[in-house]
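In: structure for the following, please:
(one chain, ligands or ions: 2)
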Amino acid sequence: MKVLIVLNAYQRDGAQVGKAGRLKEELEKLGAEVEVARNFRLADVVNGEADSQYRCKCVFLDKDKSAAYLLEKAGCILYNSARAMELCDDKMLTHAALCGAGICMPHTIYAPLCYYPDAPLPEDFLKGVGESLGYPLVAKLCYGSLGSGVFLIDDYNALCMFESKYKLQAHLYQQFITPAGTDVRCIVVGGKLICSMKRVNKSDFRSNVELGGHGERFKADKEMTAMCERAASVLGLDYCGIDVLLDNDGRKYLCEVNSNAFFAEAEKVCGVNIAKKFAELIISE
Ligand SMILES: Nc1ncnc2c1ncn2[C@@H]1O[C@H](COP(=O)(O)OP(=O)(O)OP(=O)(O)O)[C@@H](O)[C@H]1O
Ligand SMILES: [Mg+2]
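Out: Ligands and ions are numbered 1, 2, ... in the order given. Got it, this is the predicted structure:
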């Protein structure tokens, strides 16, 4: 069986390249012929058609939606599918897709898209956001990643400053769940939660490992397992990392779903071979 692993065209090193290497290793142990390619290759797909080299399974390690849809047109079977990836790429779209699915999420307010650089601040809307969520509240860019687009807003003045700075970028506002700087990263493969780790960051309210957070062993209970497996199923994900926030009363809130989650830290902390589980899923289907 041939498996293509696709990386972003411009990515040269870092965690995503390491992840491709781990997946290649585990896929090859299971007998697959693996090629790691850059999505520059998609220039070969013209009018949705390409030669038979694309009619294979593909682990798509990029967030480039158009490239993913092109690969599917060319006959590739993507892990994750282009649609699932698209739903996770935009945090507001993920939220909308999960609404009504019985999954508890922090109270979230959609910020209307703005196309006009000189548009005045929507003061009534912003006052309503503060009244509804209380301060501090969380502001997120819909396309942020590794914690870089997530901000804590202390008061109305800071909210106005945030809105003026980011009004031309899609964003949302969210209830701040405490204790700060901690969440649980759950890895779901083939519909099953296979491991989870608590992430703790003492120096920032964002627990991302890239911002100084570290992983600790953690066992998800039945409720957290069901929440994550349900979310992965609703979004149509074969593989994902789901961030769950736990408040002081033990209530669980789904924070975010990563269709392309890194797994090196979770493998180390949980002692689970995540790459192998993912490879087994790809080979078995
Ligand atoms: N509503 C919230 N209340 C408290 N903490 C939050 C909230 N939202 C996010 N955080 C903290 O900020 C971190 C980063 O937020 P989030 O996971 O939404 O974005 P991201 O990590 O930048 O996205 P990606 O995982 O796609 O890179 C979370 O792991 C969590 O620690
Ligand atoms: Mg996250």
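In: what bridges to the closest residue to I177 other than its chain neighbours?
Out: In this structure, I177 finds its nearest non-sequential neighbour in L245, 4.3 Å apart by C-beta to C-beta, 6 or more residues apart in numbering. Placement of C-beta: from N, CA and C, glycine included. L245 has the following beta-bridge partners by DSSP bridges: Y253.
In: pretty sure L245 contacts E256?
Out: No: the pair L245 / E256 is not scored as a contact, 9.2 Å apart, by C-beta atoms under 8 Å.
In: which parts of the stretch 151-285 of the chain sit against ligand 2?
Out: When proximity is defined by C-beta under 5 Å from the ion, the stretch 151-285 of the chain lies next to ligand 2 at 243, 256.
In: now do the helices in the stretch 1-150 of the chain.
Out: Secondary structure of the stretch 1-150 of the chain (DSSP state H, counting those that start in this stretch): helices at 15-29, 65-73, 82-89, 91-98, 123-133.
In: which of these has the lowest average pLDDT?
Out: The weakest mean pLDDT among the helices of the stretch 1-150 of the chain belongs to helix 65-73, with a mean of 91.
In: what helices or strands is that one leaning on?
Out: If you count contacts as 3 or more C-beta pairs under 8 Å, 6 or more residues apart in numbering; DSSP states H and E, helix 65-73 packs onto strand 57-61, strand 77-79, helix 82-89.
In: among those, which is nearest A266?
Out: Nearest of the helices and strands packed on helix 65-73 to A266, taken as C-beta to C-beta: strand 57-61 at 16.1 Å.
In: pull the residues that contact the closest one.
Out: For strand 57-61, contacts defined as C-beta atoms under 8 Å, 6 or more residues apart in numbering pick out 1-8, 16, 19-20, 23, 67-68, 71, 76-80, 82, 85, 260, 278, 282, 285.
In: for it, what is the distance to the chain centroid?
Out: Computed by C-alpha atoms, centre = their mean, to the nearest Å, the separation of strand 57-61 from the middle of its chain amounts to 16 Å.
In: next: stretch 119-135.
Out: 27 Å.
In: likewise for stretch 35-45?
Out: With C-alpha atoms, centre = their mean, you get 23 Å for stretch 35-45.
In: what mean pLDDT does stretch 166-178 get?
Out: Stretch 166-178 carries an average pLDDT of 97.
In: how long is that stretch from one end to the other?
Out: Stretch 166-178 has an end-to-end distance of 25 Å (criterion: C-alpha to C-alpha, to the nearest Å).
In: now distance to S203 and mean neighbour count too, for the helices and strands packed on helix 65-73, in JSON lines please.
Out: As requested, these are arranged in JSON lines below (distance: least, C-beta to C-beta, whole Å; neighbours: other C-beta atoms under 10 Å):
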{"stretch": "strand 57-61", "distance to S203": "29", "mean neighbour count": "22"}
{"stretch": "strand 77-79", "distance to S203": "35", "mean neighbour count": "20"}
{"stretch": "helix 82-89", "distance to S203": "27", "mean neighbour count": "21"}
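In: so which of those gets nearest L146?
Out: Nearest to L146 among these is helix 82-89 (13.8 Å), distances taken as C-beta to C-beta.
In: contacting residues around V129?
Out: Taking C-beta under 8 Å, 6+ apart, one finds 109, 137, 159, 173 in contact with V129.
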